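S.K.: Kindly generate the corresponding structure for this input.
(one chain, ligands or ions: 2)
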Amino acid sequence: MPSSDVIRFAAVGDIHCTKDSSGTLRSVFAQVADAADALLLCGDLTDYGLPEEAKVLADELGAARVPIVAVLGNHDYESDAQDEVRRILADAGVRILDGEACEIEGVGIAGAKGFAGGYGRGALGAWGERPIKQFVNEAIQEALKLESALAKLRTPDRIAMLHYSPIVGTVQGEPREIFAFLGCSRLEDPLIRYPVTAVFHGHAHRGCPEGKTVNGTPVYNVAMPLLRRTYPDQPPFRLIEVPRPSATERAAMPATTTA
Ligand SMILES: [Fe+2]
Ligand SMILES: [Fe+2]
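M.R.: Residues are numbered from 1 along each chain as shown. Ligands and ions are numbered 1, 2, ... in the order given. All right, here's what the predicted structure looks like:
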């Protein structure tokens with residue numbers, strides 16, 4: 001039974017559910033139901049972004065029996081059917097965040113997919129050809145989505161969810177040549193302006209499971225293949241505990257505007 005003074009969040013990304021995944025994920029989600037009060041899914045929920053894959057996942061998620069919040073990943077866009085993928089999962093009770101915020105038992109959750117572009121001095125700048133500017137603008141827009149979601153939250157604890165990594169630390173382990181396609185330090189800026197309790201992301205299957213933002217916030221890469229490889233004796237999700245706000249604290253919180 002979950003302890004009453006904490007809320008336990010299980011997080012995992014990069015499930016890459018296929019049409020053949022039926023029956024293979026239920027046991028993981030049943031373990032989530034035993035271990036956590038809520039499940040956070042960090043993108044690449046499906047392998048090719050197909051509605052059939054989303055239906056399989058929606059069915060498997062029935063075993064989780066806790067509130068589920070998700071962001072989409074690049075794979076969920078592959079077939080240009082992301083709106084239907086989103087609808088199928090929403091119909092199954094999954095709350096999908098794309099620059100929005102929500103609350104679970106008084107803990108704020110802000111989510112966006114994020115985008116690529118690289119880190120620090122190596123980050124791609126909006127200069128030169130129009131396609132380069134469009135690429136960089138996509139990353140800027142995703143960072144703004146995360147920022148506007150975080151700005152809506154008034155809860156004492158806040159969690160940020162992304163698919164792409166906001167820091168280079170949790171992509172270490174991948175080939176250096178692809179670091180710039182695994183995330184972008186523009187995504188870290190909102191996490192400095194609006195500090196959070198923890199950040200979860202996926203996408204870097206061969207990255208590093210833990211890192212920190214420049215202001216010391218823990219960042220967890222929860223890509224399922226990485227968790228399976230790094231912690232072979234544990235269920236493939238990351239668990240964190242957040243203090244449960246008291247009834248008095250919750251009554252005093254301004255409502256989160258979930259536009
Ligand atoms: Fe992935
Ligand atoms: Fe991905």
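
S.K.: In PDB, could you pull the C-alpha coordinates for stretch 231-245?
M.R.: Extracted C-alpha coordinates of stretch 231-245, given in PDB (Å, rounded to 0.1, in the frame of the first residue of the first chain):
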ATOM      1  CA  TYR A 231      18.800  -2.200 -13.600                       C
ATOM      2  CA  PRO A 232      18.100  -5.700 -14.900                       C
ATOM      3  CA  ASP A 233      16.800  -6.900 -11.500                       C
ATOM      4  CA  GLN A 234      14.200  -4.200 -11.200                       C
ATOM      5  CA  PRO A 235      10.900  -3.500 -13.000                       C
ATOM      6  CA  PRO A 236      11.600  -1.100 -15.900                       C
ATOM      7  CA  PHE A 237      10.300   2.100 -14.500                       C
ATOM      8  CA  ARG A 238      11.800   4.800 -12.200                       C
ATOM      9  CA  LEU A 239      10.100   5.500  -8.900                       C
ATOM     10  CA  ILE A 240      10.200   8.800  -7.000                       C
ATOM     11  CA  GLU A 241       8.400   9.900  -3.900                       C
ATOM     12  CA  VAL A 242       7.000  13.400  -3.500                       C
ATOM     13  CA  PRO A 243       5.600  14.700  -0.200                       C
ATOM     14  CA  ARG A 244       1.900  14.600  -0.100                       C
ATOM     15  CA  PRO A 245       0.400  18.100   0.500                       C
END
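
S.K.: Strands along the stretch 101-250 of the chain, start to end?
M.R.: Remark: strands assigned in the stretch 101-250 of the chain by DSSP state E, counting those that start in this stretch are 107-111, 158-161, 198-201, 210-212, 218-221, 238-243.

S.K.: ok, now which ones touch residue 102?
M.R.: By CB atoms under 8 Å, 6 or more residues apart in numbering, residue 102 lies in contact with 69, 95, 108, 109, 256, 258. For glycine as for every other residue, the C-beta is placed from the backbone atoms N, C-alpha and C.

S.K.: Neighbour-wise, give me the winner out of the residues you listed.
M.R.: residue 109 (28 neighbours; other CB atoms under 10 Å).

S.K.: quick one on the thing from earlier: and the contacts of residue 102 as a markdown table, adding distance to residue 9?
M.R.: Below are those laid out as a markdown table (distance: CB to CB, whole Å):
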| residue | distance to residue 9 |
| --- | --- |
| 69 | 9 |
| 95 | 13 |
| 108 | 12 |
| 109 | 9 |
| 256 | 17 |
| 258 | 18 |
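
S.K.: where's the dip in pLDDT among those?
M.R.: Scanning those for pLDDT, the low point is residue 258. It has 55.

S.K.: Any regions of the stretch 151-259 of the chain where pLDDT drops low?
M.R.: Across the stretch 151-259 of the chain, the ranges flagged by pLDDT under 70 are 257-259.

S.K.: Apply 50 and report the result again.
M.R.: 259 (pLDDT under 50).

S.K.: can you map out the helices along the chain?
M.R.: 26-35, 51-60, 82-91, 130-151, 189-193, 224-230, 247-252 (DSSP state H).

S.K.: Quick one: the ones you listed as TSV, columns for mean neighbour count and distance to residue 173 too.
M.R.: Formatted as TSV, the helices of the chain follow (neighbours: other CB atoms under 10 Å; distance: least, CB to CB, whole Å):
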stretch	mean neighbour count	distance to residue 173
helix 26-35	17	23
helix 51-60	21	27
helix 82-91	17	28
helix 130-151	18	22
helix 189-193	18	21
helix 224-230	18	8
helix 247-252	10	39
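
S.K.: Of all these, which one is nearest ligand 1?
M.R.: Closest to ligand 1 of the helices of the chain is helix 224-230 (CB to the ion; 7.8 Å).

S.K.: Quick check: closest non-adjacent residue to residue 57.
M.R.: Of all residues not flanking residue 57 in the chain, residue 17 sits nearest, at 4.0 Å (CB to CB, 6 or more residues apart in numbering).

S.K.: And for residue 98?
M.R.: Spatial nearest neighbour of residue 98, excluding adjacent residues (CB to CB, 6+ apart): residue 112 at 6.3 Å.
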